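J.: predicted model follows, preceded by the sequence.
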Amino acid sequence: MNNDASTQHSALAEHLLDQYAGRIARARRPYVLGLSGLQGSGKSTLAREMKAQAEKRGWPTEVLSLDDFYYARSERELLAQQIHPLLRTRGVPGTHEIELLLSVLAALPHASDKLPVSYPRFDKGRDTRTPPSRWPRITRPPRLVILEGWALGIRPQLQAALQAPVNELEYREDPDGDWRHWVNKQLRGYQPLWRKLDALIVLQAPNWDVIRQWRSQQEEELLARHAPLAMDASAMLRFLAHFERLSRHALATLPAVADTCVEYDDQRHVTGISHA
């Protein structure tokens, strides 16, 4: 990360923590702050910076990533066989173990050495979960929990919006709409998780084309490092096509439900911050 990006993340983290400091201080249980951003928006980096700054303020803080709760590759293979082949690819609603994430959030207020709270790690290089023996353990109740994830807070689309395919992937591999209707239905099961959020911060990109560019840049860096399972340009475009429908839906709808909306230009510079 260059110095400008690092400085921006630091200043943004400080601003956001200042904005919610009073609510965090008054909370009688861990304050759950949702951090929603599409691929490549920098949400993971911002979450880490917020955790570092929050702990300097004396707030024990945990960062949970929705990505870590993806089902293992073997479980997604079952979904692909039983429901639709496109479910082999992680990412869309229905490929996360939401019940496990809810149980982790419920256990955090009671975390201790005698009652440690474990949560999964997902290895994107191997496209599956790490063994449970390597899962992190939380042994203290946090004051602040930052839950970060792509399209966190999104609500199901209207049925009429599902009729026409949005890209070549849907046109060729989901011509009857079975996959997108199933995914949309799974979003209902995510709403109890969204209701656990005490506040929702949305990192708002300019448009879908910029998101595709940001995510492709990340993958090019992985390819340059010869990372396992790093995708070339054509594989990356196919992967992103799984997310296009709900990413466009998120861009259009999430700012209206956010407690804080952080707007970016196409170079990831913050151009505006609004609080509800």
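T.: It's in. Residues are numbered from 1 along each chain as shown.
J.: when you work out contacts or count neighbours from here on, use the C-alpha atoms and nothing else.
T.: Fine.
J.: the helix or strand bottoming out on mean pLDDT in the chain: what's the following helix or strand?
T.: Least confident helix or strand of the chain, by mean pLDDT, DSSP states H and E, is helix 208-224 with a mean of 79. Of the helices and strands lying after helix 208-224 in sequence (DSSP states H and E), the nearest is helix 233-257.
J.: who touches the strand or helix carrying Gln191?
T.: Assigned by DSSP H and E, Gln191 falls within helix 191-194. The contact list for helix 191-194 (C-alpha atoms under 8 Å, 6 or more residues apart in numbering) reads 98, 102, 152-153, 155.
J.: averaged pLDDT, that helix. What do you get?
T.: Mean pLDDT, computed over helix 191-194, is 97.
J.: hey, C-alpha coordinates of it in CSV?
T.: The C-alpha coordinates for helix 191-194 follow below in CSV (Å, rounded to 0.1, in the frame of the first residue of the first chain):
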residue,chain,number,x,y,z
GLN,A,191,-31.6,-10.9,7.3
PRO,A,192,-31.3,-12.1,10.9
LEU,A,193,-27.6,-11.5,10.7
TRP,A,194,-28.0,-8.0,9.3
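J.: report the distance from it to the chain centre.
T.: 13 Å (C-alpha atoms, centre = their mean, to the nearest Å).
J.: elements contacting the helix or strand just after that helix?
T.: On the C-terminal side of helix 191-194, the nearest following helix or strand under DSSP H and E is strand 199-204. Packing partners of strand 199-204 (3 or more C-alpha pairs under 8 Å, 6 or more residues apart in numbering; DSSP states H and E): strand 31-37, helix 233-257, strand 260-264.
J.: buried residues in the longest one?
T.: So the one you mean is helix 233-257. Across helix 233-257, burial judged by 16 or more other C-alpha atoms under 10 Å covers 236, 239-251, 254-255, 257.
J.: what's the angle from it to strand 31-37?
T.: Helix 233-257 runs at 130 degrees relative to strand 31-37, counting by axes from the mean of the first three to the mean of the last three C-alpha atoms, to 10 degrees.
J.: packing partners of helix 233-257?
T.: Applying 3+ C-alpha pairs under 8 Å, 6+ apart, one finds that helix 233-257 contacts helix 168-173, strand 199-204, helix 208-224.
J.: same check on the shortest one?
T.: Applying 3+ C-alpha pairs under 8 Å, 6+ apart, one finds that strand 260-264 contacts strand 199-204, strand 270-275.
J.: partners of that strand, with directions?
T.: strand 199-204 (parallel), strand 270-275 (antiparallel) (DSSP bridges).
J.: do the first one as well
T.: Based on DSSP bridges, the strands next to strand 31-37 in the sheet, each with its direction, are strand 144-149 (parallel), strand 199-204 (parallel).
J.: got the CA positions of the last one in CSV?
T.: In this case it means strand 199-204. Taking C-alpha atoms only, strand 199-204 is exported to CSV below (Å, rounded to 0.1, in the frame of the first residue of the first chain):
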residue,chain,number,x,y,z
ALA,A,199,-24.7,0.1,12.6
LEU,A,200,-23.8,-0.4,9.0
ILE,A,201,-21.0,1.4,7.2
VAL,A,202,-21.0,1.1,3.4
LEU,A,203,-18.0,1.7,1.2
GLN,A,204,-19.6,3.0,-2.0
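J.: and that strand, which residues are buried?
T.: So strand 199-204, judged by 16+ other C-alpha under 10 Å, has buried residues 199-204.
J.: what lies in contact with it?
T.: With contacts defined as C-alpha under 8 Å, 6+ apart, strand 199-204 is touched by 32-38, 41, 43, 153, 251, 254-255, 257-264.
J.: so the helix or strand containing Thr7 versus strand 31-37, what angle?
T.: Secondary structure assignment for Thr7, by DSSP H and E: helix 3-26. If you take the same axes, to 10 degrees, helix 3-26 sits at 150 degrees to strand 31-37.
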